[in-house]
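Trainee: return a 3D structure for these sequence lines:
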Amino acid sequence: MKRIFLLALCCSWVSFSGCGEKLPADFPKVFPMTVTITDGTTPLADVRIMFFQISGSGVAYASSGLTDARGIAKISTSQGSFNKAGIPVGEFVVTVEDVIRMNDDISPEEELRMSREELTKLSQEREKRMAEIVRKVPEVLSQATRGSIEDRSPIRFTAVEGKNELAINVADYK
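Mentor: Have a look, this model is predicted:
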């Protein structure tokens with residue numbers, strides 16, 4: 001019985017301490033990062049924040065987060081399948097974009113069984129609905145795939161060792 005208790009204690013220590021996770025050799029050290037997104041005084045939910053590094057280690061990774069109902073996002077950094085809460089030190093261009101959820105009750109499995117014509121019609125219907133959606137975030141903040149990193153957004157942020165916080169009011173960019 002004593003051995004089982006010790007084994008359980010060791011296993012819980014390893015999983016709690018993160019020793020069981022395989023950290024990529026070039027994964028950067030990260031620090032806590034919280035972002036608050038508002039439109040005036042109204043918090044914005046379902047908004048994705050992405051950080052594109054313009055200075056730092058040069059290692060390929062992604063730092064991003066999604067706001068909750070209070071407009072707050074905790075930023076995580078990913079490299080491959082590894083994900084860790086926080087952001088590395090460096091200078092970043094920050095993009096902000098609406099997350100649009102299309103609830104058309106069609107599962108991915110159903111889409112796989114659809115004909116080309118049915119898929120085309122579904123795509124056209126989705127595009128029409130997307131065009132009718134009123135965006136919460138101005139387009140100037142969500143140029144994530146256009147041009148150079150510096151052209152993706154006017155927002156810049158320098159992450160430091162320690163706790164990092166950023167507040168973005170999208171009304172300032174309308």
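Trainee: quick one: distance of stretch 63-80 to the chain centre.
Mentor: If you compare the mean C-alpha spot of stretch 63-80 with that of the full chain, they lie 5 Å apart, counting by C-alpha atoms, centre = their mean, to the nearest Å.
Trainee: what's the answer for stretch 42-49, then?
Mentor: Between the centre of stretch 42-49 and the centre of its host chain there is 11 Å, according to C-alpha atoms, centre = their mean.
Trainee: show me what it is in contact with.
Mentor: When contacts are taken as C-beta atoms under 8 Å, 6 or more residues apart in numbering, the neighbours of stretch 42-49 outside the stretch itself are 35-38, 64-73, 75, 94-99, 101, 136-137, 168, 170. Backbone N, C-alpha and C define where each C-beta goes, glycine included.
Trainee: for residue 79, which residues make a bridge with it?
Mentor: When assigned by DSSP bridges, residue 79 has beta-bridge partners residue 82.
Trainee: contacts only, for it.
Mentor: Going by C-beta under 8 Å, 6+ apart, the list of residues near residue 79 reads 24, 26, 27, 59, 60, 61, 62.
Trainee: that one and residue 170: what is the separation?
Mentor: Residue 79 is 29 Å from residue 170, where distance means C-beta to C-beta, to the nearest Å.
Trainee: got the residue ranges for the strands in this structure?
Mentor: If DSSP state E is used as the criterion, the strands of the chain fall at 30-31, 33-39, 42-43, 47-55, 62-66, 72-74, 76-79, 82-85, 87-88, 90-98, 155-159, 164-169.
Trainee: mean confidence score for the fourth one?
Mentor: Just to be clear, that refers to strand 47-55. The predicted model assigns strand 47-55 a mean pLDDT of 89.
Trainee: no further questions, thank you.
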